[in-house]
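> Show me how the following folds:
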Amino acid sequence: MSASLSFTAEELAQVRFAGSPMWEVLTSFRVLSRPGLYPVHGPWFDQVRPRLAAAGLLTGHLSALFQAPAYVPDFLTPAPATSVPTLEDELAAIQATTDDHLFADLDLYAEKVPNGVIPPFAERLRGHRDQALAELAKEIEHYFQIALAPYWSRIRGLLEADIYYRARQVAEHGAARLFNELHPDVSWNSGTLRMLHRQRVLCRDDNAPGLILVPSAFAWNKILTRAATGDVPQLCYGARGVGTLFARSAPEPSDAVAAVIGRSRALLLAELEAPASTTELAARTGMSAGGVSEHLTALRGAGMVSAHRAGRSVLYARTSVADSLLAAAV
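Below you'll find the model as predicted:
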């Protein structure tokens, strides 16, 4: 099945980009449910999945809404109000979903669930709306803290770089070049955007003007669409450069960096190519856990490291400040 979306000149002028934490939540969760299908995300998968399993987040409320093979309820991806919404913004929009929208999504979901077996949580969303949505938002926030927050600095950088590249395309070559190079299944011709292999039809009569283009670190080689009645349609696509996002090289710290912040701290920054706990860093570097903790506290105070709770552990991650320092010293 294919879908098409026609644009007047005014509607084309309303096309915009946005990065969306909720799209990253949903696309990353889909990666976790399909081991081996997305090798480019292998390092992230190996690091994150055991932590999520230990927290019970692979079989919780979010999982219950992934039981239909080709549909996740649209209320989980509200139209981003700005180009860089926060997770809190989007969770607030989810909890403000109208009954009509929520129940329409649940009806469509029920049609697509194999054998018509509706997960209990999906039924609770219908019967105990406010409580169920609050529980879902809390679980999504927990998932984000474990699966995405330690990597968010580099993910956000990837999304911003993609948006900048696409914006340059429009400025230099026009919208046709942008759409025709977005994905092999997407093409633009005579004011119409065509998308192949779509499960749902996009209809301009049912949607608000414009289009929101959402790059994703986890969509990779797929395009995903959201077409809720009355809302601006969204098209989520794989961002450029994702192949290098989670590759771990753990380079030796350069003498130049070590001269500025000390060899031990430079070594810890190099090891934090992937988020890790104090215990893991101590085992890898041969430092004492107390020494590692002291250095991480100093690095965090300088804005080079961020800390994220994952169950009983705290994961430390390199920030963009540290990435820039290490890159400049290569």
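
> Any buried residues in the helix ranked longest in the chain, and which?
Counting by DSSP state H, the longest helix found in the chain is helix 152-173. Going by neighbour count (16 or more other C-beta atoms under 10 Å), the buried part of helix 152-173 is Trp152, Ser153, Arg154, Ile155, Arg156, Leu158, Leu159, Glu160, Asp162, Ile163, Arg166, Gln169. Every C-beta, even on glycine, is put in place using the N, C-alpha and C of the backbone.

> helices or strands next to it in the packing?
strand 15-17, helix 175-180, strand 211-216, helix 320-328 (3 or more C-beta pairs under 8 Å, 6 or more residues apart in numbering; DSSP states H and E).

> Pick the most buried one from the ones you listed.
Among these, strand 211-216 has the highest mean neighbour count (mean count of other C-beta atoms under 10 Å), at a mean of 23.

> The helix or strand where Cys236 lies - contacts with which helices or strands?
Assigned by DSSP states H and E, Cys236 belongs to strand 234-238. Applying 3+ C-beta pairs under 8 Å, 6+ apart, one finds that strand 234-238 makes contact with strand 211-216, strand 223-226.

> ok so, going back, for the longest helix of the chain, C-alpha coordinates in CSV please.
Provided in CSV are the C-alpha atoms of helix 152-173 (Å, rounded to 0.1, in the frame of the first residue of the first chain):
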residue,chain,number,x,y,z
TRP,A,152,20.9,11.9,25.0
SER,A,153,23.8,14.4,24.4
ARG,A,154,25.0,12.4,21.4
ILE,A,155,21.5,11.5,20.1
ARG,A,156,20.5,15.2,20.3
GLY,A,157,23.6,16.2,18.4
LEU,A,158,22.9,13.7,15.7
LEU,A,159,19.3,14.9,15.3
GLU,A,160,20.4,18.6,15.2
ALA,A,161,23.1,17.8,12.6
ASP,A,162,20.5,16.0,10.4
ILE,A,163,18.0,18.9,10.7
TYR,A,164,20.8,21.4,9.8
TYR,A,165,21.7,19.3,6.8
ARG,A,166,18.1,19.0,5.5
ALA,A,167,17.5,22.7,6.1
ARG,A,168,20.6,23.5,3.9
GLN,A,169,19.1,21.2,1.2
VAL,A,170,15.9,23.2,1.2
ALA,A,171,17.8,26.5,1.1
GLU,A,172,20.2,25.5,-1.7
HIS,A,173,18.0,23.2,-3.8
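
> Go ahead and measure how far it is from the middle of the chain.
Distance of helix 152-173 from its chain centroid, counting by C-alpha atoms, centre = their mean, to the nearest Å, is 15 Å.

> Just the angle for that helix relative to helix 320-328, thanks.
Interaxial angle, helix 152-173 versus helix 320-328 (axes from the mean of the first three to the mean of the last three C-alpha atoms, to 10 degrees): 70 degrees.
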